[in-house]
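Chemist: Mind folding the following:
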Amino acid sequence: MDLHENYDAWAAMLAECFGEEAGTRAQMQGLAGTDTLLLRQCGGMLRAYDRIGGVTAWGDHEGVALGCFWDQAAQLGQYLQEELATLAQGIPQETLEAVQRNSAEITEAARPDWYITALGREDVYVLQAIAVRRDRRGTGIFRKLLTPILEAARQRGVPVVLQTFEAENVPKYEHLGFRLVERSSSDTMGLTCYNMACP
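Modeler: Purely as a prediction, here's the structure:
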């Protein structure tokens, strides 16, 4: 699927899905008019992950997954920083600072590199995000997005790891072979992060 034809439509679908996610709500907590900011964040993430070949897309803006292997992380980090610099243009400084404060609290609670301690390895595939458009949920797109990712990781002999802030997502991932490794909570943010791995 060629994202370049219409990044904006893919970003809009991703933003719509992320807008209802607990982690995103916590990130935007206390801010008004965050729709544009979220849309721009999603566009930046898509562009950065696309530059490393880390986007799996399905259909006509129906579903998308973002992720990368451990050996792509440094390059991805550079691209994300470039996108962040672009994002900062036109966004009020106080809004950006508030998002950064909220994000720092979320990161402290979620520990994005949890798998190094929990699994004793850093050679993994990190599934950063997966989203299916509301009107297409329950049609098998979730599985179609995950299957090639799981197969690529299996061929390289590494686990796929992910984090979700939604308890109802845990059984969906378990159905596809993931296991819940650990959970961590933030009292200040009111969030619980579920850390999962497959296999």
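Chemist: Mind giving me the packing neighbours of the helix or strand of the chain with the lowest mean pLDDT?
Modeler: Here the helix or strand of the chain ranked lowest by mean pLDDT, DSSP states H and E is helix 93-110, holding a mean of 86. When contacts are defined as 3 or more Cβ pairs under 8 Å, 6 or more residues apart in numbering; DSSP states H and E, helix 93-110 packs onto helix 22-27, strand 179-186, strand 191-198. C-beta: built from backbone N, CA, C; applies to glycine.
Chemist: and the helix or strand that it is followed by, what's its mean pLDDT?
Modeler: Where DSSP states H and E defines the elements, the next helix or strand beyond helix 93-110 is helix 114-119. For helix 114-119, the mean pLDDT works out to 96.
Chemist: now what about helix 114-119, what contacts it?
Modeler: Applying Cβ atoms under 8 Å, 6 or more residues apart in numbering, the external contacts of helix 114-119 come out as 121-122, 124, 126, 159, 161, 163, 181-182, 184, 195, 197.
Chemist: List the buried residues in that helix.
Modeler: Within helix 114-119, the residues scored as buried using 16 or more other Cβ atoms under 10 Å are 114-115, 119.
Chemist: next helix or strand past that helix?
Modeler: Once the chain leaves helix 114-119, the next helix or strand it forms, by DSSP H and E, is strand 125-132.
Chemist: now the angle from that next one to strand 191-198?
Modeler: Using axes from the mean of the first three to the mean of the last three Cα atoms, to 10 degrees, the inter-axis angle of strand 125-132 relative to strand 191-198 is 110 degrees.
Chemist: quick one: low-confidence parts of the chain?
Modeler: 1-5 (pLDDT under 70).
Chemist: Sticking with residue 56, tell me its helix or strand.
Modeler: Counting by DSSP H and E, the secondary-structure element that holds residue 56 is strand 55-58.
Chemist: Each with direction, which strands does that strand pair with?
Modeler: According to DSSP bridges, strand 55-58 forms sheet pairs with strand 63-69 (antiparallel).
Chemist: I'd like the distance from the strand it pairs with to the chain centre, please.
Modeler: With Cα atoms, centre = their mean, to the nearest Å as the basis, strand 63-69 stands 8 Å off its chain's centre.
Chemist: what's the answer for stretch 54-74, then?
Modeler: For stretch 54-74, the distance to the chain centre is 9 Å (Cα atoms, centre = their mean).
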